[in-house]
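Student: Quick one: sequence and predicted model below, then my questions.
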Amino acid sequence: MRRIRLVRFFLNRFFRTRRVLRMLRGAPAWMMPALCAAAETADKSAEKIAVFPTTPYHQYIVYESLAIFWIAILGLVVIIRMKLREIERIQKLGIEEEDPNAPLLR
């Protein structure tokens, strides 16, 4: 409760009137339509941006990059699967368990 009183005291001291608080609270509501209207007018005058390359050479580079990416992803999946199988094999052998009769290395 003490913290709430301190915050309330600060706000009341910093903002003397409730009108300022109301204006600050409502500012984003009246600013949003102005920003949206500006964005709509800017889109009408701008040209369309090409997302996919139009020349065959650049298309080939994009497809080649995608193929290399997916081959790498599949390779990582295979490596992770191999490692998991190796961990399961070691756990079945019981190597990680401590042997009470093993000699101590000093």
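Tutor: Perfect, thanks for sending it.
Student: Can you give me the domain assignment for the chain?
Tutor: Under the assignment named as automatic domain parsing, the residue ranges that make up the domains of the chain are 1-44, 52-97.
Student: hey, least reliable of those domains by pLDDT?
Tutor: Sorting the domains of the chain by mean pLDDT places domain 1-44 lowest, at a mean of 61.
Student: Was I right to think residue 59 contacts residue 52?
Tutor: Yes: with contact defined as Cβ atoms under 8 Å, residue 59 and residue 52 form a contacting pair (7.4 Å). C-beta: built from backbone N, CA, C; applies to glycine.
Student: Comparing those two, which residue is more hemmed in?
Tutor: Neighbour comparison, residue 59 and residue 52: the larger count goes to residue 59, with 12 against 7 (by other Cβ atoms under 10 Å).
Student: quick one: contacts for that one?
Tutor: When contacts are counted by Cβ atoms under 8 Å, 6 or more residues apart in numbering, residue 59 is found next to 52, 53.
Student: got it, and residue 53?
Tutor: Contacts were defined as Cβ under 8 Å, 6+ apart; by that measure residue 53 touches 59, 61, 62.
Student: so what's the last one closest to, chain neighbours aside?
Tutor: Nearest residue to residue 62 in three dimensions, chain neighbours excluded: residue 53, at 6.3 Å (Cβ to Cβ, 6 or more residues apart in numbering).
Student: Can you tell me how far the one you found is from residue 90?
Tutor: 49 Å (Cβ to Cβ, to the nearest Å).
Student: who's in contact with stretch 95-104?
Tutor: Contact with stretch 95-104 is made by residue 90, as judged by Cβ under 8 Å, 6+ apart.
Student: From one end of it to the other, what's the distance?
Tutor: Across stretch 95-104, the straight-line distance between its terminal residues is 17 Å, by Cα to Cα, to the nearest Å.
Student: in which helix or strand would I find residue 92?
Tutor: Following DSSP states H and E, the helix or strand that holds residue 92 is helix 56-93.
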